[in-house]
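[1] missing the sequence, but the structure's below:
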């Protein structure tokens, strides 16, 4: 009887956990919970270990755990690996913290912006781009091409949103396949 009770309890817990993230996509093999903040969810994604290490090295953990809201364009590990050799190692050095903060905050926008809202604004603009500012002060642009949302940095580098609208307690994450590089 105790075994059945334990199984029933486990089933209820699994059902509640699944319901808590039912509307959120999985990221990096991990469930993403709307009740958790950006950092709490990101640390569980196998696809964002480089980003998490960079956020820690930059001292941005407390900021990204604050109430926000924030919209984060979160590059996957492969996006960091695609940077020129040595770039990530250089950015992670303590003497380059200011530069690392600049790069990371170029991926963060104040507010809770869904991919649908960003796409709507891009489609309704006169030039097909929605122009907005990152927390770093850098200009970003969004465009819809082939049904995908692309985010551009000031140099014209594009990151395609591969997983959209991962809701967090303090904003939203959009997974991107490229690192946005501030000027």
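    Yep, it's here. Please read these numbers as outputs of a predicted model, since none were measured by experiment. Numbering: from 1, shown residues only.

[2] So which residues of the protein form strands?
    Assigned by DSSP state E, the strands in the chain fall at 70-75, 108-110, 130-133, 139-145, 148-152, 158-168, 171-176.

[3] Take these and write them to TSV, including mean pLDDT and mean neighbour count.
    Using the backbone N, CA and C atoms, a C-beta is placed for each residue, glycine as well. Rendered in TSV, the data for the strands of the chain read as follows (pLDDT from 0 to 100; neighbours: other Cβ atoms under 10 Å):
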stretch	mean pLDDT	mean neighbour count
strand 70-75	97	25
strand 108-110	97	19
strand 130-133	96	16
strand 139-145	97	19
strand 148-152	97	19
strand 158-168	96	20
strand 171-176	96	24
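
[4] where in this protein is pLDDT low?
    Counting by pLDDT under 70, the low-confidence segments of the chain come to 1-22.

[5] Find the residue at the geometric middle of it.
    In the chain, the C-alpha closest to the average C-alpha coordinate belongs to residue 74, at a distance of 3.0 Å (Cα atoms, centre = their mean).

[6] any idea how far that residue is from residue 57?
    Remark: distance between residue 74 and residue 57 (Cβ to Cβ, to the nearest Å) = 16 Å.

[7] outside of stretch 109-120, which residues touch it?
    Outside stretch 109-120, the residues that touch it by Cβ atoms under 8 Å, 6 or more residues apart in numbering are 68-73, 130, 132-135, 140, 142, 144, 149, 161, 164-165, 171-172, 174.

[8] ok so, going back, redo the strands of the chain as CSV? Include distance to residue 123.
    Output for the strands of the chain, formatted as CSV (distance: least, Cβ to Cβ, whole Å):
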stretch, distance to residue 123
strand 70-75, 18
strand 108-110, 18
strand 130-133, 8
strand 139-145, 6
strand 148-152, 10
strand 158-168, 15
strand 171-176, 17
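
[9] Sweet, I'm off.
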